[in-house]
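Peer 1: output the structure for:
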Amino acid sequence: MTAPYIKDEHEIFRKSLRKFLEKEAYPYYEQWEANRIIPRDFWLKMGEQGFLCPTIAEQYGGSAVDWGFAVVINEELERVGSGLVGIGLHNDIVIPYITAYGTEEQKQKWLPRCTTGEVITAIAMTEPGAGSDLAGIKTTARLEGEHYVVNGQKTFITNGIHSDLIIVACKTNPHAVPAHKGISLLTIERDAPGFTRGRKLNKIGLHCQDTAELIFEDCMVPKENLLGEEGKGFLYLMEKLQQERLVVAIAAQVAAEEMLRMTIDYVKAREAFGKKISRFQNTQFKIAEMATEVEMGRAFLDQLITEHMLGKDVVTKVSMAKWKLTENARKIAAECMQLHGGYGYMEEYEIARRYRDIPVASIYAGTNEIMKVIIAKNIGL
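Peer 2: Take a look at the predicted model:
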């Protein structure tokens, strides 16, 4: 059954994107994994074809289409591999901060090049000593004349190596009570004096996705690079987390669908004890259980996407989807690897990569434990 938000134009777009990815991504993905980075050249090709930031206004280089097109992009990129998550972050997590809170001058300066792939974005919240506790960040930004002076470190930053424009959460008022009222967002550009990158982090999975440490030592940032108002950074982050967590839920659901598909193909081809593995009752029961979880997850997700596109506040449901669908994907990865037997542990089988890649989805964009805290609070506990 087609989702209610998917129209003919979305399917035409999907076919075009899939054809592009079959030519420009699928053949090279394993090499990108080995190289531990996606070439910038792929971003430029995505931009040339209109696959970056399609929802933003035409005056800034976008196509002004509905968010259903963004969903299609996220789904098709995940089908290639989870390491392409940085493109979804650019399109649907970072850019919305600029479109919602940026000045006209900021939009004109940055957005057109974000749509072409010339400018790659990132958002820097997490620090070595502050993850889920965002109010506890230590990075400071002190206004001195025409510049903010930024000091601190960020870690686990997606697109950390490639990024040309980074939205950085920092304390402009370290003495604010409560602490979150002292947080502001600054947009820091690649060539800002005092900004350096630390290590490209060596992760268990998502090998081709560049994740890095960022270091700010008396980093000079023009005061015009303040995004929105001082002291409202935490509020802005909370307002945009609904879509961020929905993007993670979409990726987890598609990963589960892909793992189930490849495992069904495998058990129907593989033989043991003189018959196909698919003929064993245990295999059939495991596949039936996973297929049910995947079908239920898709129905809930499509409903949520529809409500989100209508502008409804679905924070509680998105928190439910984020934790449940990422947890489903983790369980399905383990079950599918088991059904592949020893071959599932071999690098030439895609299930091995999926098994490595999926666990982090239950950690980033707010851990699943934080999702449960939000759910409990919002249902009155």
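Peer 1: drop to CA atoms for contacts and neighbour counts, all remaining ones
Peer 2: Fine.
Peer 1: lowest average confidence across helices and strands of this protein, where is it?
Peer 2: The weakest-scoring helix or strand in the chain, judged by mean pLDDT, DSSP states H and E, is strand 271-272 (a mean of 92).
Peer 1: starting at the chain centroid, how far to that strand?
Peer 2: From the chain centre to the centre of strand 271-272 is a distance of 39 Å (C-alpha atoms, centre = their mean, to the nearest Å).
Peer 1: let me see the mean pLDDT of the next helix or strand after that strand.
Peer 2: Next in sequence after strand 271-272, counting helices and strands by DSSP states H and E, comes strand 275-276. For strand 275-276, mean pLDDT is 96.
Peer 1: buried residues, whichever helix or strand comes after strand 275-276. List them.
Peer 2: The helix or strand immediately downstream of strand 275-276 is helix 281-309, counting by DSSP H and E. By neighbour count on 16 or more other C-alpha atoms under 10 Å, the buried set for helix 281-309 is 283, 287, 290-291, 293-294, 297-298, 301-302, 304-306, 308.
Peer 1: quick one: the helix or strand following helix 281-309 to helix 281-309, angle?
Peer 2: Next helix or strand after helix 281-309 toward the C-terminus (DSSP H and E): helix 315-340. Here the directions of helix 315-340 and helix 281-309 differ by 150 degrees (axes from the mean of the first three to the mean of the last three C-alpha atoms, to 10 degrees).
Peer 1: so which other helices or strands are in contact with whatever helix or strand comes next after helix 315-340?
Peer 2: Counting by DSSP H and E, the element after helix 315-340 in chain order, helix or strand, is helix 350-357. With contacts taken as 3 or more C-alpha pairs under 8 Å, 6 or more residues apart in numbering; DSSP states H and E, helix 350-357 sits against helix 233-269, helix 315-340.
Peer 1: contact partners of helix 350-357?
Peer 2: Contact with helix 350-357 is made by 81-83, 204-206, 255, 259, 262, 330, 333-334, 336-337, 344-347, as judged by C-alpha atoms under 8 Å, 6 or more residues apart in numbering.
Peer 1: report the mean confidence score over that helix.
Peer 2: Averaged across helix 350-357, pLDDT comes to 97.
Peer 1: just the C-alphas of that helix, formatted as PDB.
Peer 2: Coordinates of each C-alpha in helix 350-357 appear next as PDB, following Å, rounded to 0.1, in the frame of the first residue of the first chain:
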ATOM      1  CA  GLU A 350      26.000  -7.100   3.000                       C
ATOM      2  CA  ILE A 351      24.400  -8.300   6.200                       C
ATOM      3  CA  ALA A 352      27.800  -8.000   8.000                       C
ATOM      4  CA  ARG A 353      28.000  -4.300   7.100                       C
ATOM      5  CA  ARG A 354      24.400  -3.700   8.100                       C
ATOM      6  CA  TYR A 355      25.000  -5.500  11.400                       C
ATOM      7  CA  ARG A 356      27.900  -3.000  12.100                       C
ATOM      8  CA  ASP A 357      26.100   0.100  11.000                       C
END
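Peer 1: give me the below-cutoff pLDDT ranges for the protein.
Peer 2: 1 (pLDDT under 70).
Peer 1: who touches stretch 41-61?
Peer 2: Outside stretch 41-61, the residues touching it (C-alpha under 8 Å, 6+ apart) are 17, 24, 62-67, 69-70, 73, 87, 90-92, 95, 99, 107-108, 111-112, 114-118.
Peer 1: check for me that residue 143 belongs to a strand.
Peer 2: Yes. Assessed with DSSP: H, G, I helix; E, B strand; the rest coil, residue 143 lies in a strand.
Peer 1: now the nearest residue to it once chain neighbours are set aside: which helix or strand?
Peer 2: Using C-alpha to C-alpha, 6 or more residues apart in numbering and skipping the chain neighbours, the partner closest in space to residue 143 is residue 149 (6.3 Å). Here residue 149 is covered by strand 147-158, with elements defined by DSSP H and E.
Peer 1: need the contact partners of that strand.
Peer 2: Strand 147-158 has contacts (C-alpha under 8 Å, 6+ apart) with 86, 89, 122-128, 138-143, 201, 209-223.
Peer 1: pull the CA atoms of that strand into CSV?
Peer 2: This file holds the C-alpha atoms of strand 147-158, laid out as CSV (Å, rounded to 0.1, in the frame of the first residue of the first chain):
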residue,chain,number,x,y,z
HIS,A,147,33.4,39.0,16.7
TYR,A,148,32.6,36.1,19.0
VAL,A,149,35.6,34.4,20.5
VAL,A,150,34.8,30.6,20.7
ASN,A,151,36.6,28.1,22.9
GLY,A,152,35.9,24.5,23.3
GLN,A,153,35.7,21.0,21.7
LYS,A,154,33.0,19.0,19.9
THR,A,155,33.1,15.3,19.1
PHE,A,156,31.2,12.7,17.1
ILE,A,157,30.4,15.3,14.5
THR,A,158,28.8,13.9,11.4
